[in-house]
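>>> Next come a sequence and a model predicted from it.
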There are 2 protein chains.
Amino acid sequence: MTGKNLEPLRWRNGVLEVIDQTLLPAKLAYVRLGDVGQVCAAIKTMKVRGAPLIGVVGAYGLVLSVKKVKTPDLAEAQTQLRKWADILIQTRPTGVNLRWAVERVFNASTEVGDVSSLKEVLLKEADAIFNGELEAARRIGKYGSALLEDGDTVLTHCNAGALATVGYGTSLAVVRAAVEQGKRISVISTETRPLLQGSRLTAFELAHDKIPVKVIVDSAAAQMMARGVVDKILVGADRILRTGHVTNKIGTLPIALSAKFYGVPFYVAAPVSTVDMVTDPSRVVIEERNQREVLYVAGRRVAPRSVEALNPAFDVTPPELVTGIVTDRGMAGPPFVESLRSLSG
Amino acid sequence: MTGKNLEPLRWRNGVLEVIDQTLLPAKLAYVRLGDVGQVCAAIKTMKVRGAPLIGVVGAYGLVLSVKKVKTPDLAEAQTQLRKWADILIQTRPTGVNLRWAVERVFNASTEVGDVSSLKEVLLKEADAIFNGELEAARRIGKYGSALLEDGDTVLTHCNAGALATVGYGTSLAVVRAAVEQGKRISVISTETRPLLQGSRLTAFELAHDKIPVKVIVDSAAAQMMARGVVDKILVGADRILRTGHVTNKIGTLPIALSAKFYGVPFYVAAPVSTVDMVTDPSRVVIEERNQREVLYVAGRRVAPRSVEALNPAFDVTPPELVTGIVTDRGMAGPPFVESLRSLSG
C-alpha cells in the first residue's frame, strides 16, 4: 500500500499496530498490541471492527499467543494455542471471517515439526491471509464497479470500507474502483447508531479520498429512496449463509426492505471468506452488546436511569431482498444457493 | 389534570409555562414564555414539540401577540395579529395542528367588537383548544385501547405521548387507556435520532407512569419484528392527508415497511385536527432541519469537519402500509379516502 492509503493494521517488529477506530475521526492514532490478551480486548471494545479486518487481526492475535507457550512439547503447545484460538473466536461471535482466519492460522500449527518454528510458520500464514484480503478487496472493487454508472448516488450503511478491511474495503472498494475508472459517484452514508461507524469512519475515509459523501440518520434511508435520490445500495456483510441470508450491522434489514419497496438495487459486497456454507439461518447467533451503547450518547446518559435497552448488533436480511452479492470471485445472483455454492467451490 | 400527571404546558397569570423538553430526562423544569417571540423560539428549538402540543402552544402564542398590538384600530390590530399568526405557523411547517390552532384563534379575532376585548376573546379560544385536545386524547385512548390485548408488546417511535400533547398522549394514550383497563402492556421505544425523543421523552413518561419500556436504536425495529417480539406498532402523526398518507417523524416509514413485511399491525393515533383534507401527497413540505443535529451528538462533532448531512425531520408513510388510524372520533380503516372524509365531516 502507498503512504496515501489508510493502513488499518500493520505488523512491525513482532508487534501488531492497529488504528484505534474508537478515536476517529477526531484522532488518527495507532495502538500497539504486543500480547494476545490485548488483541482480544481491542476486538471486544471495537478499537478494530469490520468483519474482514477482525479476521486478520485475530490471525495475528494467534501469532502473538505463541509467546505464551512455555512448553517444548509440540502437542502441549498446540493445546495451549487451541485455547487461545477459541478465546479469540469468541470475542465477536457473529462474523464468520474471524473463525475462518483463526482456524487457518491454527491449522498451520499442526504442520510444524517443533515448537521453535511455531512463530515463524504462524506469522507466514497470517501474512498470507493479510495479502489475500488485500487482493480480495481489489477484486471486489473490480467486479463490483461494473454495477455503478457515472453520476450514481450510492447509499451505504456502517463502514464496509478500508477501515473494515486491511485496506480498500468491500462495499467502498466498489465505490473506489468506480471512481478510479473516472465515474462520478456520490455517497450517502447512514450514521449507524449506536457506535456511529458511518459518520465517524465511512465519512472519514471517503472525505480522506475526496469522494463526495453526506451523512443521514439511519432512519432517513427510506425517505431518501422515496425521494428518488438513491440509485444503488451497497453494504458489507459479517456473515453470508449459503441460502443468501446476509448478517450485517443492525439496520441493514430495514434498508433492504425499503430498497425492495422503492425498486432500488440492493447489493452486498464481501469476500468469499465471509460465506458460511454450513450454518442454518435459524441458528445464526446475533451478538447482543452492552445496553450502555444505546442508553449513553457521547458519555452522557440520554434515557432515564430506570430504563433498559435492547442492543442487537446485527440483523439478518433474507435473500429475497438481495439483488446481488459481489465477491472477490465474481458476482452471485439469485438463486443464491446455487451461485454461492459455485463461487465457494 | 391531577398533580400526578405530566403537564407539558400551563397558562398562569398571563404567561405560558412549558416543560423545556430539551432538558429531559435529566431535569424536569418549566420555561416561562411571556412574549410571542419567545413562543416562536421555543417551538423552533423544540423546547416544545409534538404536533398536538405545538398547536396549543401556537394558540397561546397568538394570545400573547396581543400585547404587541399598540393601535386602537381593530382592522389595523387584526393586520398585526395576522402577521404574528403567519410567523407562528412558519416555525414548524410540516405539522397541520399548528396552522389549524393558530387560524382558529385568529378567526376569533374577527368576531370581537373592539381592540380592548381581543385578549380575553383569544384566550377563551386558546383555552377551548387546550380543553378540546385533552378531551381528544382521552377519546383516542378509549377507542384505541380496544386494539390492544393483555400481554401485548407495542413498538412506538418518537414521542406521541403526554409530552407531545397537552397530556395523556396520542399513541401513548392508547397504551395508557389499555393499562388503566388492567391489560399488561410492554413498550419498545425507538430512541429516535437525531433528537432522541424516544429515549429522552417516551422512556421518561412511561417510566413515570410505571409502564414497562425498553429502548432500541431506530434501525433495530425491523430485527425486533423479525424476532416476533412485537405485537403492534403505534405511532403518532404530524399530518394525515385525506388519502391516508401519514407524515410523521423521520423513521416512521421504515418501521411501516418492516411491519408490512413481518405482518405486524401498524396503527397511527392522532386527533382529527391532524387530518389535512386539502393538501395533495405530492405537495407536502418536509422540513429540513439544521445539519448540526446529525453531525454533532451531545455537543461533540462525530463526523469529520468537511462532511455535510441531510436532515429531513419527517417522512411520509403511504396508506397501503397503514392498518388503521385511531382518532378522537373513532377508528378509520382503508380505504382512508372514505373513512377519513366520514370522520372529518
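Nice, I can see it. Residues are numbered from 1 along each chain as shown, chains lettered A, B, ... in the order given.

>>> Run a quick neighbour tally on A:Pro318.
Burial of A:Pro318 is recorded as 16 neighbouring residues (other C-beta atoms under 10 Å in any protein chain shown). Any C-beta I mention is one placed from the backbone N, CA and C, and that applies to glycine too.

>>> unless I'm mixing things up, it is touching A:Thr247, no?
No. Using C-beta atoms under 8 Å, A:Pro318 and A:Thr247 do not qualify as a contacting pair, with a distance of 11.1 Å.

>>> What backbone torsions are found at A:Ile325?
phi -120, psi 120 (degrees, to the nearest 10).

>>> Helices of the stretch 51-200 of chain A, residue ranges please.
When secondary structure is read from DSSP state H, counting those that start in this stretch, the stretch 51-200 of chain A shows helices at A:51-65, A:74-89, A:97-109, A:118-145, A:171-180, A:197.

>>> quick one, which of those helices is nearest to chain B?
Smallest distance to chain B across the helices of the stretch 51-200 of chain A (C-beta to the nearest C-beta): 10.4 Å, for helix A:197.

>>> related to what we said a few turns ago, tabulate the helices of the stretch 51-200 of chain A in TSV, adding columns for distance to A:Leu234.
Formatted as TSV, the entries for those read as follows, by distance: least, C-beta to C-beta, whole Å:
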stretch	distance to A:Leu234
helix A:51-65	15
helix A:74-89	28
helix A:97-109	18
helix A:118-145	8
helix A:171-180	4
helix A:197	15
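
>>> so who does the nearest residue to A:Arg176 once chain neighbours are set aside touch?
Distance criterion C-beta to C-beta, 6 or more residues apart in numbering or on different chains; nearest residue to A:Arg176, sequence neighbours excluded, is A:Gly141 at 5.8 Å. Counting by C-beta atoms under 8 Å, 6 or more residues apart in numbering or on different chains, A:Gly141 makes contact with A:168-169, A:173-174, A:176-177, A:180.

>>> go on, A:Gln78?
Shown in contact with A:Gln78 (C-beta under 8 Å, 6+ apart): A:109-110.

>>> can we see that at 6 Å?
Each residue near A:Gln78 by C-beta atoms under 6 Å, 6 or more residues apart in numbering or on different chains is listed here: A:Ser109.

>>> ditto for A:Thr317
Residues counted as contacts of A:Thr317 (C-beta under 6 Å, 6+ apart) are A:246, A:252-253, A:256.

>>> one more time with 8 Å, if that's ok
With C-beta under 8 Å, 6+ apart as the criterion, the residues that contact A:Thr317 are A:245-248, A:252-253, A:256, A:268.

>>> Quick check: bridge partners of it?
In this entry, A:Thr317 is beta-bridged to A:Val246, by DSSP bridges.

>>> Assess the claim that A:Ala222 and B:Leu253 are in contact.
Yes. Under the criterion of C-beta under 8 Å, A:Ala222 lies in contact with B:Leu253, with a separation of 4.4 Å.

>>> so what sits against both of these two?
By C-beta under 8 Å, 6+ apart, the residues touching both A:Ala222 and B:Leu253 are A:258, B:315.

>>> ok, A:Glu191 - how many residues close by?
Neighbours of A:Glu191 under the rule other C-beta under 10 Å: 31.

>>> meant to ask about A:Val105
As a burial measure, the neighbour count of A:Val105 was computed by other C-beta under 10 Å and equals 26.

>>> quick one: it and A:Ala59 touch, right?
Yes. Counting by C-beta under 8 Å, a contact exists between A:Val105 and A:Ala59, whose distance comes to 4.8 Å.

>>> Using TSV, please lay out the helices of the stretch 51-200 of chain A together with mean pLDDT.
Converted to TSV, the helices of the stretch 51-200 of chain A look like this (pLDDT from 0 to 100):
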stretch	mean pLDDT
helix A:51-65	97
helix A:74-89	97
helix A:97-109	96
helix A:118-145	97
helix A:171-180	97
helix A:197	95
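
>>> May I have the phi/psi pair for A:Ile19?
The main-chain torsion angles of A:Ile19 are listed as degrees, to the nearest 10 and equal phi -60, psi 130.

>>> Quick check: pLDDT value at the nearest residue in space to it that is not next to it in sequence.
Leaving out its chain neighbours, the residue that sits closest to A:Ile19 by C-beta to C-beta, 6+ apart is A:Pro8, at 5.2 Å. In the prediction, the pLDDT value recorded for A:Pro8 is 95.

>>> Next one: A:Gly141 from A:Arg10, what distance?
With distances taken as C-beta to C-beta, to the nearest Å, A:Gly141 is found 21 Å from A:Arg10.

>>> quick one, what contacts A:Ala51?
With C-beta under 8 Å, 6+ apart, A:Ala51 has these contacts: A:95-98, A:164, A:236-239, A:270, A:274.

>>> Can you pull out the residues in contact with stretch A:124-131?
The set of residues external to stretch A:124-131 that reach it, using C-beta under 8 Å, 6+ apart, is A:9, A:11, A:55-56, A:59-60, A:62-63, A:101, A:104-105, A:108, A:166.

>>> among the residues you listed, who's most crowded?
Counting by other C-beta under 10 Å, A:Ala59 has the largest number of neighbours within these, with 31 neighbours.

>>> about what we covered before: can you put the contacts of stretch A:124-131 in JSON lines and add distance to A:Asp218?
As requested, the contacts of stretch A:124-131 are exported to JSON lines (distance: C-beta to C-beta, whole Å):
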{"residue": "A:Leu9", "distance to A:Asp218": "27"}
{"residue": "A:Trp11", "distance to A:Asp218": "35"}
{"residue": "A:Gly55", "distance to A:Asp218": "26"}
{"residue": "A:Val56", "distance to A:Asp218": "28"}
{"residue": "A:Ala59", "distance to A:Asp218": "31"}
{"residue": "A:Tyr60", "distance to A:Asp218": "32"}
{"residue": "A:Leu62", "distance to A:Asp218": "35"}
{"residue": "A:Val63", "distance to A:Asp218": "37"}
{"residue": "A:Ala101", "distance to A:Asp218": "29"}
{"residue": "A:Arg104", "distance to A:Asp218": "34"}
{"residue": "A:Val105", "distance to A:Asp218": "35"}
{"residue": "A:Ala108", "distance to A:Asp218": "40"}
{"residue": "A:Val166", "distance to A:Asp218": "27"}
